[in-house]
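J.: need coordinates for the following:
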Amino acid sequence: MDMKISAVFLIIGLLTGVAVGYVAAPRTGATTGTELTGTIVVKGSDTLLIVAQQWAEEFISLHPKVNIQVAGGGTGTGFIALKDKTTDIADASREIKTSEVESCKAAGVNPVEWTVGLDGISIVVHPNNPVNSLSTTQLEMIYNGTYTNWSEVGGSNAPIVTYGRQSTSGTYDFFREHVLHNRDFRADNRELAGNAEIVQSVQGDANGIGYVGVAYTKQGVDVKILGISSSSTTIYQPTIANIKSGAYPIARKLYIYTDSEQSDLLEQYVAFILGPQGQEILEEVGYISTIKMEK
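T.: As a prediction, this is how the structure comes out:
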């Protein structure tokens, strides 16, 4: 192989045991003299699905003999597939858990973590909803069932209908940890399989509220994105600047995970995702690149 990812697995996480990949100088093109062939399987985060599909399409356009199969199903599903060796890449909207690392290692898989970007979880309501913003405390009380009527947060006298992700979702886990402080969702929370389904449901429900990855609000959908405030009274929208600066209070990293034993083709694909072309696609979709490239 003429070119390798310039990477060293520098850290073995003390808490999770996950090797962390750092890319110093990703490659920007195909290997010289040979044509890439083979199949790559990608499974996991629905949040990343929209960009994972575009990464695959662009890479295949550059390397027509490569086959890339992309599926969602949730972050937890991706980690199970990585353990079972039925996927090459597990897309993730949260960090892998210690228990998942241990399961992978017991099956002979050593997960390697690659941070691919940043996401802001957008809170969406029907366009006709008069509410324009919520505090994180109000959001917590809506989703834990303390508030059940929009009038309790400055809206109309109407029941609040909450939409969210299923329990295999990394977004579900992140929201439960960072918004609900590891307490349960309200009993009548409507759990859906993906971000797109949440957006569609809120578009059709005048009393609905949902949480989705920021990219799913940039695809011509008809929802209102609420501003969010936390410890201060300042209200922030999930803009690139606010997410990147940390001002927006519901932001997180996005990841891909691979086994430490990678084929040449998989190394090429990871380098593409982390390189200029892949990161440009990430930002076109609506997520935020944090990777600094060497010139």
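
J.: only C-alpha atoms for contact and neighbour calcs from this point on.
T.: Will do.

J.: per-residue confidence for Ile121?
T.: At Ile121, the pLDDT value in this model is 96.

J.: can you offset everything so residue one is 717?
T.: New numbering, starting at 717: the last item is Ile837.

J.: can you say which helix or strand has Pro954 in it?
T.: According to DSSP states H and E, Pro954 maps onto no helix or strand at all.

J.: list the contacts for it?
T.: By C-alpha atoms under 8 Å, 6 or more residues apart in numbering, Pro954 lies in contact with Gly836, Ile837, Ser838, Val930, Gly943, Tyr964.

J.: quick one: it from Thr791, how far?
T.: With the distance defined as C-alpha to C-alpha, to the nearest Å, Pro954 ends up 22 Å from Thr791.

J.: same question, Arg902
T.: 22 Å.

J.: what about those two, which has more around it?
T.: Counted by other C-alpha atoms under 10 Å, Arg902 and Thr791 do not tie: Thr791 has more neighbours, with 31 against 16.

J.: that one is in contact with Lys813, isn't it?
T.: No - counting by C-alpha atoms under 8 Å, Thr791 does not reach Lys813; the two are 10.9 Å apart.

J.: can you pull out the strands in the stretch 717-866 of the chain?
T.: 722-728, 735-741, 754-760, 782-789, 805-808, 827-841, 849-851 (DSSP state E, counting those that start in this stretch).

J.: closest to Gly870 out of these?
T.: Among the strands of the stretch 717-866 of the chain, the nearest to Gly870 by C-alpha to C-alpha is strand 849-851 (9.4 Å).

J.: I would like the residues contacting the closest one, please.
T.: Counting by C-alpha under 8 Å, 6+ apart, residues outside strand 849-851 touching it are Val869, Leu942, Gly943, Ile944, Ser945, Ser946, Ile951.

J.: now neighbour count too, for the contacts of Pro954, in CSV please.
T.: Below are the contacts of Pro954 laid out as CSV (neighbours: other C-alpha atoms under 10 Å):
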residue, neighbour count
Gly836, 27
Ile837, 25
Ser838, 25
Val930, 26
Gly943, 19
Tyr964, 24
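
J.: now, which of the residues you listed sits nearest Asn848?
T.: Using C-alpha to C-alpha, the contacts of Pro954 come closest to Asn848 at Gly943, 6.4 Å.

J.: quick check: that closest one touching Val847?
T.: No - at 9.6 Å, Gly943 does not count as touching Val847 under the criterion of C-alpha under 8 Å.

J.: give me the low-pLDDT residue ranges for the stretch 817-966 of the chain?
T.: For the stretch 817-966 of the chain, not a single residue meets the criterion pLDDT under 70.

J.: what about the residue nearest to the spatial centre of the chain, distance to Glu818?
T.: Geometric centre of the chain, nearest residue: Ser809, 3.5 Å, by C-alpha atoms, centre = their mean. Using C-alpha to C-alpha, we find Ser809 at a distance of 19 Å from Glu818.
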